[in-house]
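sequence-free structure coming up:
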RNA sequence: GCGAGAGUGGCGGAACUGGCAGACGCGCGAGACUUAGGAUCUCGUGGGAAACCGUGGGGGUUCAAGUCCCUCCUCUCGCACCA
C-alpha cells in the first residue's frame, strides 16, 4: 500500500516530541479532578508484546488521552511484574542470571510500547524485582506476620524425586514433570501461608462496592464460596468424644442414615473397630497416594469403607454407622458429614452402592429414583423426636432450617455456622527469582527481621539449580544463610523460601502513586488524591487470583491505615482474546501469531491502534484481520487528504467559511457519539461514526476549518501521531494532546426534519419526510396520503403514532 | 452436572427505554482516472424473478419483537464430589 504520508517519520517525530516535552508526566494537582487509568502490568516474557496485550493497552491509552483533554489529571503508569519462573528456568538451562534476561526483556517491551505511542508517565516506571520496590513487598509481609495473617504450616507440594525439586502446577503435565516426564508425588513441606480466610466475609461483601463485570463478580463469589448452615455434634457410640459435622441442610437431620469421615480425619482411629482396622488402613493408604486431581477424576464411582463404629443422631438417638470415603474432603467444613441419601445426590449414589438405607424426610420427590434436593418446594415429614417434644413436620424446608438450628443450639448440640470454600493462600515458592522473606529462624522459631534492615536483598549467585533437598537455591548459599538474631545475638538461619509472583502484583498500583518514596510505601496525601484506580483493564485470566489477592492485601493495608479506600479498583474491564486470522487461538505451533512490530512497520502505530479498537467490542473474543488493518489505514489516509495536499502543504480545500447547518449537525452528532462512546469504552462504534463524518467531508470541495479542527481533536486519542501532525499543518502550535476536548450543543444535534417510516399492519410500506415541528395530525394526514393503496380507501381501524419515530396503520 | 455469557449477511460487527434489521469496515461487483494498478475516487452489494422471506430452532405476548415471555439446540468461559 502506498501512503499519502510517511507514517514512520511522523510517528518518530511526535514520539520524540512527547518524550522531551514530558507531555504525559503526572503530578498531584488538587485543583483538578484526577483519573487513575491502569493496565495490568505484564510479565516481560522473552517473546515480546503481542497484539493481544496491545488491545488492552490501546484502550487505556485512548481513555487516558481522552480524559486529559477533558481536563482530568490523569495517572497512567506502566511497570513490570518481573519475578517469576521463566527467567529462572532459562537461568538453570543457560547460566544467564535472571536479572540480565529480565532487563533485556523489559527493554524490548518498553521499546515496543513507546513505538505504539502509549502515553505512559515513564518517570513512574517500576519493577517488582527492584530492591527499592520489593523492600515494601517485604514490609507488607512483616505487617501480615505481625497481625497473625502469615503463618507456617506443613502443606503438601508437588515433589519430583527424579529432579529433586518442587514443581509449580504449570510445570506438571498429566501428573508428570513437564521436563523429563518424571513422576510427581505429594510431599508435605514447611510453607508460609497467608490467612486470607480471615477476610472472606469482607472480600465477599465489598464486591458490592465495585463496578466489575458480572462474570468476574460471580467467579469471585463462587471462589469464596460462602454457605450458611449448621455444625451439629454426634456423640460416638461406645467411644469417647463426638463427631462434629457441617451441613447446609439441618432440616434433613432426621433423614441421616450413616456418617462419613474424610480418610484423613483425626477421629478415624477412635471410631474404627478392631476387626475393621486392616481394611480401613488400606483404604486410607490408597487415598493418600491419590493426588487431588485423581480424587476428582474418579468422580463417578464413590468408594468407602465401614469403620465398624457408630455415632448417635442427636435428634432421635439412632445409631448411625460411620464410614470413611474420599468423597468427603478434610479441607472443607469439619471433614465429616451426616449422610442423608434421600436428599443429597452424592449420599444417594453412595447409599445405592453400599446398600445403605434411604429415608425420606422431605416429601415432594421420589427418593427411590433419585435424591430430592430442592429446597424451594416439598414438605418436611418423618421429623419428630421420639418423645414428641420437638417436630418440624409440615414445614417448608426454608422454615424448618432456622427452627431446628435454634433447637439444636438451645440443647448445646449444634449452632448456626458459615463456611467458606476459600482456603488460606500458600505463599511460598522453592525458587530463587522471587522476594526473599524477611524472616530469621532462631532456635526453631520464625522471627521477623526489623524494618530498618529492609530490603533483605536477594543474594547473588551463579547456581540457580534447586538445592536437591526441596529447598530453594538459596539453601545452597551458606554465607548468606547463616546470620545472627539482631535481638539476642543467637545464631540464626535465613528463610530459604521466596514469595510467589502474586506478591509483587498485589500492591503495585499503590507504588505508582509515589514510586520513589524511600520512607513510606506511599505518601498518604498522594494516596488519598489518586486512589482508587478509576479504570483497570486486564485479562480475565486474572479474574480470581490476582484480583482476590490484591483486594486482600489492600484491605489489610486499609486496616493499618496505609490506604484510604476499602477497595482498590473501582471499574474493571477485561479485554477479549485476539484470535489469529484463522479464528484459532494464536500460537507459534499454528503459525498464526501476528507480530505487532511488523504491523506497525507496514501500517503505522496509528493504524494498528485504530484497528485494535475497531475489531469489535473490547471485551469480546475476535479474530485478527490484516485486511481490516488495511481498511482503517485507508480511513486514516482519507483523513490526511482531507487536510493536506499531495505536496504536503495545507489543502486549498480547507477554508475559513462557516459550515452549513447540515454539516454543523453532523459535527455535533459526531462529537456527541464519540464522547459518549468513549465514556462507555465503545471504541468500535466511535470509530465508525468518525468514518461516517470523514466520508461526508470527503465529498466537499470546500472543507471548513470549523469542521476539521474539532474532528482532529476527536480522532487524536485514537491516532495521536497523525493528529499531532494535522494540528500542526492546520497552523497550530503543538500539541494536540493538551487541547480541550470538543463540546457539543444538544440543540445542534437534533435535526429540523425527520424521516418517518409508514407501516401498514406493522409492515413497512412507505416513508415521508416531515418538519420536526409538525403535529401528530399533520404527520398522520401526510402519512395516510403516502400509504395510499395499502389502506384500500378504508379508514384504518387504529393509528399508532410514535412521535418522531413512525406511523403504523392497522386495517 | 452447576454457574455466567453469547448465537444477526460471504466475514468482523451496528441497532437508544420494543418502533425503518444489517450502521461502519472487510470482501465482492460495476464504473471513472490511468501506460499500468493489488493506488485513488464514485456507485452497488441479506435472500428471492416476484409476491414475499429473513436476527440458532419451535411456540407465545404486542399495532409492532434481534430486543419481552416459554421451550429446545449450539458455542465460549468459569467451577467441578464444597456437604
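Here it is on my side, so go on. Nothing here was measured: the structure is a model prediction, and the numbers come from that model. Residues are numbered from 1 along each chain as shown, chains lettered A, B, ... in the order given.

Excluding sequence neighbours, find me the nearest residue to whichever residue of the stretch 651-800 of chain A sits closest to RNA strand B.
Nearest residue of the stretch 651-800 of chain A to RNA strand B, counting by CB to the nearest atom of the strand: residue A:762, 3.0 Å away. Bear in mind the C-beta positions are built from the backbone N, C-alpha and C, glycine included. Using CB to CB, 6 or more residues apart in numbering and skipping residues adjacent in sequence, the residue nearest residue A:762 is residue A:808, 6.3 Å away.

Can you name the residues that contact the residue nearest the centre of chain A?
In chain A, the centroid-proximal residue (CA atoms, centre = their mean) is residue A:543; its distance is 2.4 Å. Residue A:543 sits next to A:215, A:216, A:219, A:220, A:574 when contact means CB atoms under 8 Å, 6 or more residues apart in numbering.

and the residue of the stretch 351-500 of chain A nearest RNA strand B?
Nearest residue of the stretch 351-500 of chain A to RNA strand B: residue A:421, at 3.6 Å (CB to the nearest atom of the strand).

how close does the residue lying closest to that residue once chain neighbours are set aside sit to residue A:248?
Residue nearest to residue A:421 in three dimensions, not counting chain neighbours: residue A:225, with 2.7 Å by CB to CB, 6+ apart. Here residue A:225 is placed at a distance of 12 Å from residue A:248 (CB to CB, to the nearest Å).

Kindly identify which of the contacts of residue A:543 also come near RNA strand B.
Counting by CB under 7 Å from any atom of the strand, A:215, A:219 from the contacts of residue A:543 sit close to RNA strand B.

residue ranges with poor pLDDT in the stretch 101-250 of chain A?
A:169-170, A:173-175 (pLDDT under 70).

Repeat the analysis, applying 90 as the threshold.
Applying pLDDT under 90 to the stretch 101-250 of chain A flags residues A:154-191, A:214-215, A:238-241.

What count of nearby residues applies to residue A:195?
Number of residues near residue A:195 (other CB atoms under 10 Å) recorded here: 18.

quick one: the helices in the stretch 651-800 of chain A?
Using DSSP state H, counting those that start in this stretch, the helices of the stretch 651-800 of chain A run over residues A:661-679, A:683-698, A:705-715, A:720-729, A:746-749, A:776-787.

pretty sure residue A:165 contacts residue A:466?
Yes - between residue A:165 and residue A:466 there is a contact under CB atoms under 8 Å: 3.9 Å.

what's the overlap in contacts for the two?
Common neighbours of residue A:165 and residue A:466 (CB under 8 Å, 6+ apart) are residue A:430.

hmm, back to that, I'd guessed the residue of the stretch 351-500 of chain A closest to RNA strand B sits against residue A:204; true?
No - Residue A:421 is not in contact with residue A:204 according to CB under 8 Å; the separation is 11.0 Å.

Could you pull out the residues contacting both of these two?
Common neighbours of residue A:421 and residue A:204, using CB under 8 Å, 6+ apart, are A:224, A:226.

who's in contact with residue A:42?
With the criterion set at CB under 8 Å, 6+ apart, residue A:42 makes contact with A:49, A:53, A:80, A:81, A:109.

pretty sure the last one is in a strand, no?
Read it as residue A:109. No - using DSSP: H, G, I helix; E, B strand; the rest coil, the assignment for residue A:109 is helix, not a strand.

Quickly note the distance from it to residue A:100.
15 Å.

From the contact counts, what lies against the strand or helix carrying residue A:234?
Under the criterion of DSSP states H and E, residue A:234 resides in strand A:226-237. Judged by 3 or more CB pairs under 8 Å, 6 or more residues apart in numbering; DSSP states H and E, the packing partners of strand A:226-237 are helix A:200-205, strand A:242-247, strand A:304-312, helix A:397-410, strand A:414-420.

Tell me what angle it forms with strand A:304-312.
80 degrees (axes from the mean of the first three to the mean of the last three CA atoms, to 10 degrees).

How far away from the center of its chain is strand A:226-237?
Centre-to-centre, strand A:226-237 and its host chain are 35 Å apart (CA atoms, centre = their mean, to the nearest Å).

Report whether that strand contacts RNA strand B.
Yes - interface with RNA strand B: strand A:226-237 contributes A:227, A:229 (CB under 7 Å from any atom of the strand).

hey, what's the residue nearest to residue A:762 bridged with?
Residue A:808 forms beta bridges with residue A:759, residue A:800, as assigned by DSSP bridges.

Confirm for me that it is in contact with residue A:800.
Yes - the pair residue A:808 and residue A:800 passes the contact test of CB under 8 Å, sitting 4.0 Å apart.

Looking at those two, which is more packed in?
Per other CB under 10 Å, whichever of residue A:808 and residue A:800 has more neighbours is residue A:808, with 22 against 14.

For the more buried one, list the residues it contacts.
Residue A:808 neighbours (CB under 8 Å, 6+ apart): A:758, A:759, A:760, A:761, A:762, A:799, A:800, A:801.

Show me just the buried residues among those.
A:758, A:759, A:760, A:801 (16 or more other CB atoms under 10 Å).

neighbours around residue A:272, how many?
24.

Around RNA strand B, pick out the residues from the stretch 351-500 of chain A.
Proximity of the stretch 351-500 of chain A to RNA strand B (CB under 7 Å from any atom of the strand) is limited to residues A:419, A:421.

low-scoring stretches of the stretch 351-500 of chain A, by residue?
Within the stretch 351-500 of chain A, the segments meeting pLDDT under 90 span A:364-370, A:373-378, A:423, A:426, A:428-431, A:454, A:461-473, A:475-479, A:486-487.

What count of nearby residues applies to residue A:553?
With other CB under 10 Å as criterion, residue A:553 counts 27.

wouldn't it be in contact with residue A:507 here?
Yes - counting by CB under 8 Å, residue A:507 is a contact partner of residue A:553 at 5.6 Å.

quick one: low-confidence ranges for the stretch 551-700 of chain A?
For the stretch 551-700 of chain A (pLDDT under 90), the answer is A:581-592, A:645-649, A:651-653, A:657, A:699-700.
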